[in-house]
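Enquirer: Can you look at this prediction? I've put the sequence above it.
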Amino acid sequence: MLFTDLEIIAPILQALKEEGYTNPTPIQEQAIPLILSGSDLLGCAQTGTGKTAAFAIPMLQLLSKPYAQKPGQKNIRALILTPTRELAIQIEDSFKAYGRELRLKTIVVFGGVSQQPQTLALERGADILVATPGRLLDLMSQGYINLKDVEIFVLDEADRMLDMGFVHDVKRVITKLPQKRQTLFFSATMPSEIQSLANAILTNPKKVEVTPVSSTADTINQSLFFVDKANKKNLLSFMLEDQNIKSVLVFTRTKHGADKVVKDLVRLNIKAEAIHGNKSQNARQRALNNFKERTTRVLVATDIAARGIDVDELSHVINYELPNVPETYVHRIGRTGRAGLNGIAFSFCEHEELPYLKDIQKLIGKSIDVNKSHPYHMDLSIPVNNSGQRTETTKNRNNGNRNNNQKRFFNPNKKKNTNQRSN
């Protein structure tokens, strides 16, 4: 199928052509006609499936229809609520790219920066508002934002809203929206709390589910590395000796851990930067831009800060520390293998992280293969997976001494896909 088969108006098709988009992803193919029909939508799709375009394209088309602007009003006609600054910026960029031929104005508001430029933009008026919950509520309380004219409401990354403690803020925002509206609800995973929220705000929704809930993309090659905690930094530097790894996103559980990994890498003359909640918005954006431009080889991130990172053709993700929430693993490795490209996800696991590994394998419904061909391998037994079967067990413990004759770890080649980058 082509985008031209989806009854999309010419100005948007032209913008998509300029972006290099030809074929819609499965969620775009299914969601765009449903949204154009005016239906509420429940979209369950893992990260990297192109869901931003799945709602942005039909929203722009619906909002481009002539409407009566009330005298003296600067109506916000669409609201996209999203959990992080990075994701909000990415969504704004997408709306501006796809809507470049339309007379619609999109602005973004988020915390961590001065509100003055945002309030000035709001005073000039906007059709589409992309916002994070905290800053949106602040600006509403100050009288800068009124949601009474919203026609389309999007709740994006609902499961991450829950993880970050934003659900109550989301419910406060919803009370300020018109009862008569179109609501689009997207979540990569669907725990019971998220399903309850969806039931409360959607009216006879159509459901789009392009992959099994909490699954990982088949395009991602996943490997597990058993290693002592003290040797994790040595294993990381060993891996980065492979010059085929042009850029890599490394995940830690804590901000302090991210900063420590960066310091270790900088000592080895490896260009690395950290992105987390203690960094200013300008510093975070600068680090992200450097990573996208390949002037920084390694970006070390915490989970909250990394949501919304969209880097074309990112080949590698490394879980320096396994997440203690299994759904987070799906989100992390979904930064690679996007829009049909192949990706590689390496995960380090020390003894204390074995319970996290067990939960992850139960969630994704498969065992992660163990890679022994590295000089810091240690003997650990993989937890039983959800099928009750025990996966491969390591046999030889290495005390951390380098073995220069040891076989390098497998690094599959990435296939190219020129049709479309993910959104």
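Expert: Ah, there it is.
Enquirer: show me where this structure has strands.
Expert: 41-44, 78-81, 106-109, 128-131, 152-155, 182-187, 206-209, 220-226, 248-251, 272-275, 298-301, 316-319, 343-349, 369-370 (DSSP state E).
Enquirer: Give me the neighbour count for Asp218.
Expert: By other Cβ atoms under 10 Å, the residues close to Asp218 number 9. Heads up, the C-betas are built off the backbone N, CA and C, glycines and all.
Enquirer: typo on my end, it should be Thr203
Expert: Neighbours around Thr203, by other Cβ under 10 Å: 11.
Enquirer: any chance of the strands of the chain in a markdown table, plus mean neighbour count, mean pLDDT and distance to Tyr356?
Expert: Formatted as a markdown table, those follow (neighbours: other Cβ atoms under 10 Å; pLDDT from 0 to 100; distance: least, Cβ to Cβ, whole Å):
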| stretch | mean neighbour count | mean pLDDT | distance to Tyr356 |
| --- | --- | --- | --- |
| strand 41-44 | 24 | 93 | 24 |
| strand 78-81 | 25 | 98 | 30 |
| strand 106-109 | 23 | 96 | 34 |
| strand 128-131 | 26 | 97 | 33 |
| strand 152-155 | 22 | 97 | 28 |
| strand 182-187 | 24 | 95 | 22 |
| strand 206-209 | 16 | 92 | 26 |
| strand 220-226 | 22 | 94 | 12 |
| strand 248-251 | 26 | 95 | 12 |
| strand 272-275 | 24 | 93 | 22 |
| strand 298-301 | 27 | 94 | 18 |
| strand 316-319 | 25 | 95 | 10 |
| strand 343-349 | 24 | 94 | 8 |
| strand 369-370 | 15 | 94 | 15 |
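Enquirer: Turn the ones you listed into CSV, columns for distance to Leu34.
Expert: Listed next are these as CSV, based on distance: least, Cβ to Cβ, whole Å:
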stretch, distance to Leu34
strand 41-44, 6
strand 78-81, 17
strand 106-109, 22
strand 128-131, 20
strand 152-155, 13
strand 182-187, 9
strand 206-209, 5
strand 220-226, 28
strand 248-251, 33
strand 272-275, 35
strand 298-301, 34
strand 316-319, 32
strand 343-349, 29
strand 369-370, 38
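Enquirer: looking at it, Leu42 is touching Lys207, isn't it?
Expert: Yes - here Leu42 reaches Lys207: they are 4.7 Å apart, a contact under Cβ atoms under 8 Å.
Enquirer: Of the strands of the chain, which is nearest Leu16?
Expert: Between Leu16 and those, the tightest spacing by Cβ to Cβ is seen for strand 106-109, at 16.5 Å.
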